[in-house]
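Novice: Here is a sequence with its predicted model. Questions after.
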Amino acid sequence: MGALRKLFSATKTGPVRAAAGWGLAALVVWTAWTPGCGGRPSRVVVYAAQDQVYAEPILKDFEDRAGVSVAAVYDSEAVKTVGLANRILAEKNYPQCDVFWGNEELRARQLAAAGAFRETNGWVAFGYRSRRIVVNTNLLDPARAPRSLLELTNAAWRGKVALAYPLFGTTAAHFAALRQLWGPAQWERWCRALAANKPFVVDGNSAVARLVARGEAQLGLTDSDDIAAVRRGGAPVISLPMNEETLLIPNTVAVIRNAPHPEAADRLMRFLSSARVVRRLVRAGALEGASKKEVKIRTLAPDWGALLAELDETTERLSAIFLR
């Protein structure tokens, strides 16, 4: 929880200040009320880190099927998930939302550890994406591309690699998991060497994928759904295979402790984690697969308790190394 609060108070970027002031980049509210029990309005408020393009039609479907009015607040690409997590913490004593729809595991576990979710069946993970190296095949033969993230510090890739600012979103979770895999000393040497190799450090993983798609970077480190999105647009890119440095990233959905609309919140949680919705997200490209069990090779398996205990220190080191 300390790491989130440090980002909340110390980060100078506009998007985080906006989140703190309840002015997140995108706010979509469906205002049509539907009578619930006893003729009273039935309503649910969801903070959604899932991309709006995927989340909005699914929430509208729930609204139509359940007869529940949905108010959705979306995060910004630049501070993916962290802004919403900070908001939930700030509202902990007077909850304003009912459901948190996350698109990665770290912040859900962090909020759960902080007591932000209801005590019983507070949250669930479903489906997965993955962290991948993406390559522009017009500029780089995939056979020559690095197979390990450790190779990104080689002089051959100086000024040719794109990544999202590693204090936010899935990039932050991935870097924290790599610290656990390699050990703090080797990890810090790698981070410093990577920063010294002049990568393009951009706001968000979709920006990484677009940069590689346009050929402004030869390769990048991003999420599988962002790679799929630029491929659908015809970009000459591919993702390199998974390996032990790959982080699998589930969606999560949680009911907030003392949610203002607990019954509607429970219904929405069950709807979002249902097999039907998971399949829909996979078809749309928002998820890579329905279950981590589908992945048969060895990938990162973080010790989440230890990772959370070390997160303040990890965040401080990343802040010092990747200066903005």
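Specialist: Sure thing, it's come through. Numbers count the residues shown, from 1 in each chain.

Novice: quick one, helices of the stretch 51-200 of the chain?
Specialist: With DSSP state H, counting those that start in this stretch, the ranges of helices along the stretch 51-200 of the chain come out as 52-66, 82-90, 105-113, 169-182, 184-196.

Novice: so which of those gets nearest residue 233?
Specialist: helix 52-66 (13.2 Å; C-beta to C-beta). Heads up, the C-betas are built off the backbone N, CA and C, glycines and all.

Novice: For the lengthiest strand in the chain, buried residues please.
Specialist: For the chain, the strand that runs over the most residues, judged by DSSP state E, is strand 123-136. The neighbour-count check on strand 123-136 (16 or more other C-beta atoms under 10 Å) flags 123-136 as buried.

Novice: picking that back up, weakest of the helices of the stretch 51-200 of the chain by average pLDDT?
Specialist: Lowest mean pLDDT of the helices of the stretch 51-200 of the chain: helix 82-90, a mean of 91.

Novice: From the chain's centroid, how far away is that helix?
Specialist: 14 Å (C-alpha atoms, centre = their mean, to the nearest Å).

Novice: now that helix against helix 169-182, angle please.
Specialist: 90 degrees (axes from the mean of the first three to the mean of the last three C-alpha atoms, to 10 degrees).

Novice: Show me what helix 82-90 packs onto, helices and strands only.
Specialist: helix 2-10, helix 14-20, strand 41-48, strand 99-102, helix 105-113 (3 or more C-beta pairs under 8 Å, 6 or more residues apart in numbering; DSSP states H and E).

Novice: what do you get if the cut-off is 10 Å, keeping everything else the same?
Specialist: Helices and strands touching helix 82-90, by 3 or more C-beta pairs under 10 Å, 6 or more residues apart in numbering; DSSP states H and E, are helix 2-10, helix 14-20, strand 41-48, strand 69-74, strand 99-102, helix 105-113.

Novice: quick one, what contacts the residue nearest to residue 106 when sequence neighbours are not counted?
Specialist: Leaving aside its chain neighbours, residue 106 sits nearest to residue 173 (3.9 Å; criterion: C-beta to C-beta, 6 or more residues apart in numbering). With contact taken as C-beta atoms under 10 Å, 6 or more residues apart in numbering, residue 173 is in contact with 81, 104-107, 109-110, 131, 166, 247, 249, 300, 302, 307, 311.

Novice: and the residues you listed, which are buried?
Specialist: Among the contacts of residue 173, the ones that count as buried by 16+ other C-beta under 10 Å are 81, 104-107, 109-110, 131, 166, 247, 249, 300, 302, 307, 311.

Novice: how many neighbours does residue 262 have?
Specialist: The number of residues packed near residue 262 is 15, by other C-beta atoms under 10 Å.

Novice: thought it was touching residue 98?
Specialist: Yes: between residue 262 and residue 98 there is a contact under C-beta atoms under 10 Å: 7.2 Å.

Novice: Return every residue with contacts to both of the two.
Specialist: Common neighbours of residue 262 and residue 98 (C-beta under 10 Å, 6+ apart) are 44, 255-256.
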